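**Student:** Need a 3D model of the sequence below.
(one chain, ligands or ions: 2)
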Amino acid sequence: MSTPSSSLLTVLDLVPFGQTGPEHRFFALRLSRPDWPDWNRWRPGQFVMVRPLSFGLEIPWARPFGICHMTARHLICFFQVHGRGTQRMAKLVPGDEVRVWGPLGNGFAMEEDTPTLLLAGGMGIVPFVGYVNRHPQPWNLTMLFGHREPLGCYPVDSINERIPVDTLREPESGDLDDFLFSLQERIRDNAEQHGLVLACGPRPFLLTVQQLAARFGARAQLSLENRMACGVGACLGCVTRTTAAWPVAATRETPVQVCTQGPVFWANQVEL
Ligand SMILES: Cc1cc2nc3c(=O)[nH]c(=O)nc-3n(C[C@H](O)[C@H](O)[C@H](O)COP(=O)(O)OP(=O)(O)OC[C@H]3O[C@@H](n4cnc5c(N)ncnc54)[C@H](O)[C@@H]3O)c2cc1C
Ligand code: FES
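**Tutor:** Ligands and ions are numbered 1, 2, ... in the order given. Here you go, the predicted structure:
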């Protein structure tokens, strides 16, 4: 795993996606590329802690965001406006400066020859942009994307350029039957092929994937989005409990930090 570093980066642009009301709520934030020594060893599923200088003294903590993509020219994050920090980030303009720590966490498993099912719920699509882009044999990837807001709010096009994406929009929370049926079918098929299932999205979605993976005996990894403050293992703000299947005896069935031990976990090794 790469050693996390910190850099002061410059905003290159902030591109709004889709529109769901009077103001934009979805943005691609393109920053200058960090000068971290081993920046090109980042893994899809890893994340960065982002703190614009404009947070000033009012917002002391950085915010965690998945690495959407990183090249020799730039680092791209994709975010949805949620609370105070992301509202402030939606006002960034080219030339603004942002402190970024990363790459943090472990990232998803990548097995070139294994049929791999990508399951994304809402903003859980973000790490799969980089995953699909970096996978050496994308014909082994399939993807199911469930979302509430219009498709144009999410970075689907760059994924669609490399693999077909099945999308299902469930505008109301009670409308989940179609999505659950598709999830069940896909996970069962993947288990029969001895494949790999990777999931990122809201907690109830991850819980469903975890239960289905257990039922069908699928190998599955989940990316958890626990609330974070420091992002580097110093505050214990992000812990999750491990199960008896956790490989490290000393921390088996005890809480571990999502920011340093995750955010990606094997589905049978954590309690949600
Ligand atoms: C590993 C990881 C990757 C993430 N990737 C993305 C992404 O790519 N795009 C995206 O839009 N969002 C992502 N999130 C969620 C994003 O971090 C939160 O939406 C954001 O921190 C909210 O900040 P806020 O100031 O607007 O909200 P507030 O509610 O005002 O935040 C208050 C505090 O709670 C924390 N917090 C609030 N919601 C979350 C949350 N869902 N997850 C973690 N911490 C939270 C904040 O970091 C902050 O410390 C990710 C979270 C994690 C843990
Ligand atoms: S966010 Fe501080 S320990 Fe994980």
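
**Student:** anything in stretch 43-53 near ligand 2?
**Tutor:** No: using C-beta under 6 Å from any ligand atom, stretch 43-53 never reaches ligand 2; the gap is at least 8.6 Å. For every residue, glycine as well, the C-beta is placed using N, CA and C.

**Student:** For ligand 1, tell me whether that stretch is touching it.
**Tutor:** Yes: using C-beta under 6 Å from any ligand atom, stretch 43-53 reaches ligand 1 at residue 47.

**Student:** Near ligand 2, which residues of the chain are found?
**Tutor:** With C-beta under 6 Å from any ligand atom as the criterion, the chain meets ligand 2 at residues 228, 229, 230, 231, 233, 234, 235, 236, 237, 238, 257, 259.

**Student:** mind listing which of these are in strands?
**Tutor:** Mapping the residues of the chain next to ligand 2 onto strands (DSSP state E) picks out residue 257.

**Student:** Next, give me the two most distant ones among the residues of the chain next to ligand 2.
**Tutor:** With C-beta to C-beta as the measure, no two of the residues of the chain next to ligand 2 lie farther apart than 231 and 236, at 12.2 Å.

**Student:** Neighbour count for those two, which is higher?
**Tutor:** Set residue 231 next to residue 236 and count neighbours by other C-beta atoms under 10 Å: residue 231 wins out with 27 against 11.

**Student:** hmm, back to that, of the residues of the chain next to ligand 2, just the buried ones, PyMOL syntax please.
**Tutor:** Command for PyMOL that selects the buried part of these, burial taken from 16 or more other C-beta atoms under 10 Å:
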select buried, resi 228+229+230+231+238+257+259
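
**Student:** Between the residues of the chain next to ligand 2, which sits nearest residue 61?
**Tutor:** residue 229 (4.9 Å).

**Student:** Please name the nearest non-neighbouring residue to the closest one.
**Tutor:** residue 237 (4.3 Å; C-beta to C-beta, 6 or more residues apart in numbering).

**Student:** From residue 139, how far out is the one you found?
**Tutor:** 40 Å (C-beta to C-beta, to the nearest Å).

**Student:** about what we covered before: within reach of ligand 1, which of the residues of the chain next to ligand 2 are there?
**Tutor:** Restricting the residues of the chain next to ligand 2 to those within reach of ligand 1 (C-beta under 6 Å from any ligand atom) leaves 228, 229.

**Student:** taking the residues of the chain next to ligand 2 one by one, which sit in helices?
**Tutor:** Taking DSSP state H, the ones among the residues of the chain next to ligand 2 that sit in helices are residue 259.

**Student:** Could you dump the residues of the chain next to ligand 2 into JSON lines with pLDDT added?
**Tutor:** As requested, these are exported to JSON lines (pLDDT from 0 to 100):
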{"residue": "228", "pLDDT": "95"}
{"residue": "229", "pLDDT": "93"}
{"residue": "230", "pLDDT": "93"}
{"residue": "231", "pLDDT": "94"}
{"residue": "233", "pLDDT": "93"}
{"residue": "234", "pLDDT": "92"}
{"residue": "235", "pLDDT": "91"}
{"residue": "236", "pLDDT": "88"}
{"residue": "237", "pLDDT": "90"}
{"residue": "238", "pLDDT": "96"}
{"residue": "257", "pLDDT": "96"}
{"residue": "259", "pLDDT": "97"}
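
**Student:** longest strand anywhere in the chain?
**Tutor:** Under DSSP E, the chain gives strand 5-17 as its longest strand.

**Student:** Does anything pack onto that one? Which helices or strands?
**Tutor:** If contacts are counted by 3 or more C-beta pairs under 8 Å, 6 or more residues apart in numbering; DSSP states H and E, strand 5-17 sits against strand 26-32, strand 74-80, strand 97-104.

**Student:** Turn these into TSV, columns for mean pLDDT and mean neighbour count.
**Tutor:** Output for the helices and strands packed on strand 5-17, formatted as TSV (pLDDT from 0 to 100; neighbours: other C-beta atoms under 10 Å):
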stretch	mean pLDDT	mean neighbour count
strand 26-32	97	21
strand 74-80	97	22
strand 97-104	96	22
